[in-house]
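> sequence first, predicted coordinates after that:
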Amino acid sequence: MNLPNKLTIFRILLCPAMIAAMLIDFPMHYLVSLALFGAASLTDMFDGKIARKRGLVTNFGKFSDPLADKILVLSALLCFVQNGLCDCVLVIVVLLREFAVMSVRLMAASEGKVVAANIWGKVKTVSQIVAIIAVFLMQIILGFYSTETLSAAFFIAGEALMWISTVFCIISGVIYLIGNKQFISME
């Protein structure tokens with residue numbers, strides 16, 4: 001197994017620790033969650049760069065890298081819903097997009113084709129990571145200094161960032177489906 005694929009696997013393995021840190025209430029749990037999420041997000045950046053630079057792009061990587069991204073982002077979003085930091089409708093929209101894209105990838109794979117992520121998928125992932133990091137940072141700040149006004153402002157700001165990333169999610173999903181319509185069969 002090459003280094004980029006090991007980084008992808010490591011990203012997946014960081015998710016349970018991040019989930020535990022988000023759901024178990026202990027001092028500075030959002031700071032620990034942010035550190036784990038940040039480390040996992042960095043592996044996403046490095047695995048792709050290393051794979052392309054060293055010519056280590058594999059079919060395993062083309063499938064597992066986007067899957068690892070989905071596991072990481074959806075884990076964080078679902079924990080945010082559990083903790084009252086995010087609207088569940090947003091997560092449902094993200095899940096629908098991910099299932100649709102995954103279905104197209106599976107149909108392409110059944111025809112022996114591997115469909116890699118496009119630039120819009122990367123924009124979607126980066127916008128989600130930025131929104132999630134911002135929510136973590138706001139929760140960390142609230143852990144030190146919390147007022148009703150600040151809490152309400154941070155909730156609104158977090159929701160706005162999450163919905164912006166969800167709009168990118170929808171756009172990237174539509175572009176992906178249109179660009180790969182040859183794999184969608186109505187038979």
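It's in. Numbering: from 1, shown residues only.
> helix or strand: which one has the residue minimising distance to the centre of the chain?
By CA atoms, centre = their mean, the mean C-alpha position of the chain lies nearest to residue 73, the distance being 2.7 Å. Following DSSP states H and E, the helix or strand that holds residue 73 is helix 59-82.
> quickly find the element holding the closest residue to the residue nearest to the centre of the chain other than its chain neighbours.
Of all residues not flanking residue 73 in the chain, residue 128 sits nearest, at 4.8 Å (CB to CB, 6 or more residues apart in numbering). Where you see a C-beta, it was placed from the backbone N, CA and C, and this is true even at glycine. Taking DSSP H and E as the criterion, residue 128 maps to helix 119-144.
> which helix runs longest in the chain?
helix 148-179 (DSSP state H).
> roughly how far is that one from the heart of the chain?
Counting by CA atoms, centre = their mean, to the nearest Å, helix 148-179 is centred 12 Å from the centre of its parent chain.
> quick one: that helix to helix 59-82, angle?
Angle between the axes of helix 148-179 and helix 59-82 is 150 degrees (criterion: axes from the mean of the first three to the mean of the last three CA atoms, to 10 degrees).
> now do the buried residues in helix 148-179.
154-155, 158-159, 161-163, 165-166, 168-169, 172-173, 176-177 (16 or more other CB atoms under 10 Å).
> just to revisit the earlier point, show the contacting residues for the residue nearest to residue 73.
Contact analysis of residue 128 by CB atoms under 8 Å, 6 or more residues apart in numbering lists 73, 77, 94, 165, 168, 169.
> hmm, back to that, now flag whichever of the buried residues of helix 148-179 is closest to residue 107.
residue 177 (11.1 Å; CB to CB).
> isn't the closest one right up against residue 103?
No: applying CB atoms under 8 Å, one finds residue 177 not in contact with residue 103, separated by 9.4 Å.
> what score does the residue nearest to residue 73 have for pLDDT?
Confidence at residue 128, expressed as pLDDT, is 96.
> same check, this time on residue 55
86.
> what about residue 77, how many residues nearby?
Neighbour count for residue 77, taken as other CB atoms under 10 Å: 25.
> again, but for residue 91
Neighbour tally, residue 91, other CB under 10 Å: 18.
> now do the same end-to-end measure for stretch 81-88.
One end of stretch 81-88 sits 6 Å from the other (CA to CA, to the nearest Å).
> so, low pLDDT: which residues of the chain?
Filtered on pLDDT under 70, the chain yields the residue ranges 186-187.
> same thing but at 80, please
In the predicted model, the chain carries pLDDT under 80 at residues 59, 62-63, 114-117, 185-187.
> who's in contact with the host helix or strand of residue 49?
Assigned by DSSP H and E, residue 49 belongs to helix 29-53. Contacts to helix 29-53, defined as CB under 8 Å, 6+ apart, come from residues 2-5, 7-8, 10-11, 14-15, 17-18, 21-22, 56-58, 61, 65, 68-69, 72, 76, 79, 125, 129, 132-133, 136-137, 139-140, 143.
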